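[1] please find the sequence and the predicted model below.
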Amino acid sequence: FFLILPALLEIPAFIYVSQSCMVIVPRIAHQLHNIVTDAGCCSSPDLSRQIQNFSLQLLHQPVRIDCMGLTILDCSFLTRMACSVGTYMIYTIQFIPKFSTPYI
């Protein structure tokens, strides 16, 4: 039981971090685009153009963290996992034989 406990705590933490990353990246891209469009931020126009293209790409393509293309790691994944475990626990509890009366 003690070997499973760290894994059970790491999975929700990893999903929370991935969800917050997917929320924060568009804000970072927006701020980066605002910095690049200001006059005189970079001495090299080529570097400024590359940063601007990168920020536009981040703004137009949403960041998704997924498991090999099977599912997206966000809070809905954690909800689906908890519902699945709860459902299987209910099935298991219903099929456990009741030994309230001893067999003779």
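    Received, thanks.
[2] run through the neighbouring helices and strands of the longest helix along the chain.
    Assignment by DSSP state H gives helix 4-37 as the longest helix of the chain. Here helix 4-37 touches helix 45-60, helix 75-95, going by 3 or more C-beta pairs under 8 Å, 6 or more residues apart in numbering; DSSP states H and E. Heads up, the C-betas are built off the backbone N, CA and C, glycines and all.
[3] can you put those helices in CSV and add distance to residue 13?
    Formatted as CSV, the helices and strands packed on helix 4-37 follow (distance: least, C-beta to C-beta, whole Å):
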stretch, distance to residue 13
helix 45-60, 25
helix 75-95, 10
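[4] deepest-packed of those helices, please.
    Burial of the helices and strands packed on helix 4-37 is given as mean neighbour count (mean count of other C-beta atoms under 10 Å); helix 45-60 ranks first at a mean of 13.
[5] quick check: mean pLDDT of that one?
    The average pLDDT within helix 45-60 is 81.
[6] next, the angle from it to helix 4-37.
    Here helix 45-60 runs at an angle of 130 degrees relative to helix 4-37 (axes from the mean of the first three to the mean of the last three C-alpha atoms, to 10 degrees).
[7] how about the worst-scoring helix or strand of the chain on mean pLDDT: buried residues?
    Lowest on mean pLDDT, DSSP states H and E among the helices and strands of the chain sits helix 4-37, with a mean of 78. Neighbour-count burial for helix 4-37, with 16 or more other C-beta atoms under 10 Å as criterion, is recorded at 15, 18-19, 22, 29, 32-33, 36.
[8] and that helix, how far out from the chain middle?
    Mean-position distance between helix 4-37 and its chain equals 7 Å (C-alpha atoms, centre = their mean, to the nearest Å).
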